[in-house]
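S.K.: how would this look folded up:
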Amino acid sequence: MIFRKPKIYTFKTEQIIDDNIDNVFDFFSRPENLEKITPPSMGFNIITPKPIKMKEGAIIDYIVKIMGFPTRWRTMITSYKKNEMFIDEQLKGPYSYWHHKHSFKEINGQVKMIDEIHYALPVQILRELVHPLMIKPQLNKIFSFRFKVIEEKFKK
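M.R.: Sure thing, here's the model as predicted:
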């Protein structure tokens, strides 16, 4: 039997936010705000009791619709540096690997936010068929929605 190493995909997006680093990082370091920046059609619902203290080692459980099916997802904050970055990694969920780094950098009174996700799909056929037709377009849709909500939230 030949073992095939899973393909790791990368999804990256950047946004300039017209506010200071303290306000921006504070907003994104509150998991409850994920519900506000996720498309309603995804039925995003945090099931971890709130408030959730964002810190290294924090575990967040939630339900989200993936291709229309409610799916439990558990992530852990594996790295956290205030006003700089945090990383969430999937412990249990729909991907065989999920590593999402949120980076923040203040530039001339604005904040450059970078989301970089590395992920792998659990089944070979999903990699070849479902990724280009469903997974990648879904990530584009989620982050386009997020971009608009964030732009509106931090509009001066």
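S.K.: direction included, what does the top strand by length along the chain pair up with?
M.R.: When the chain is parsed with DSSP state E, its longest strand is strand 69-81. Strand 69-81 sits in its sheet next to strand 59-66 (antiparallel), strand 85-92 (antiparallel), going by DSSP bridges.
S.K.: need the contact list for residue 15.
M.R.: By Cβ atoms under 8 Å, 6 or more residues apart in numbering, the contact list for residue 15 reads 112-113, 147, 150-151. Placement of C-beta: from N, CA and C, glycine included.
S.K.: give me that answer again for 7 Å
M.R.: The neighbours of residue 15, taking Cβ atoms under 7 Å, 6 or more residues apart in numbering as the test, are 113, 147, 150.
S.K.: just residue 18 next, same as before
M.R.: Residue 18 makes contacts with 110, 154, 156, as judged by Cβ under 7 Å, 6+ apart.
S.K.: if you rank those by neighbours, which is first?
M.R.: residue 154 (18 neighbours; other Cβ atoms under 10 Å).
S.K.: and that residue, how close does it get to residue 38?
M.R.: The gap separating residue 154 from residue 38 is 17 Å, by Cβ to Cβ, to the nearest Å.
S.K.: show me the residue at the heart of this protein, geometrically.
M.R.: Closest to where the C-alpha atoms of the chain average out (Cα atoms, centre = their mean) is residue 100, at 5.8 Å.
S.K.: quick one: which helix or strand includes that one?
M.R.: In this assignment (DSSP states H and E), residue 100 forms part of strand 97-107.
S.K.: now residue 65: closest residue in space that isn't a chain neighbour?
M.R.: By the measure of Cβ to Cβ, 6 or more residues apart in numbering, the closest residue to residue 65 outside its immediate chain neighbours is residue 43, 4.4 Å from it.
S.K.: residue 121 now?
M.R.: The shortest distance from residue 121 to any residue other than its chain neighbours is 5.0 Å, reached at residue 127 (Cβ to Cβ, 6+ apart).
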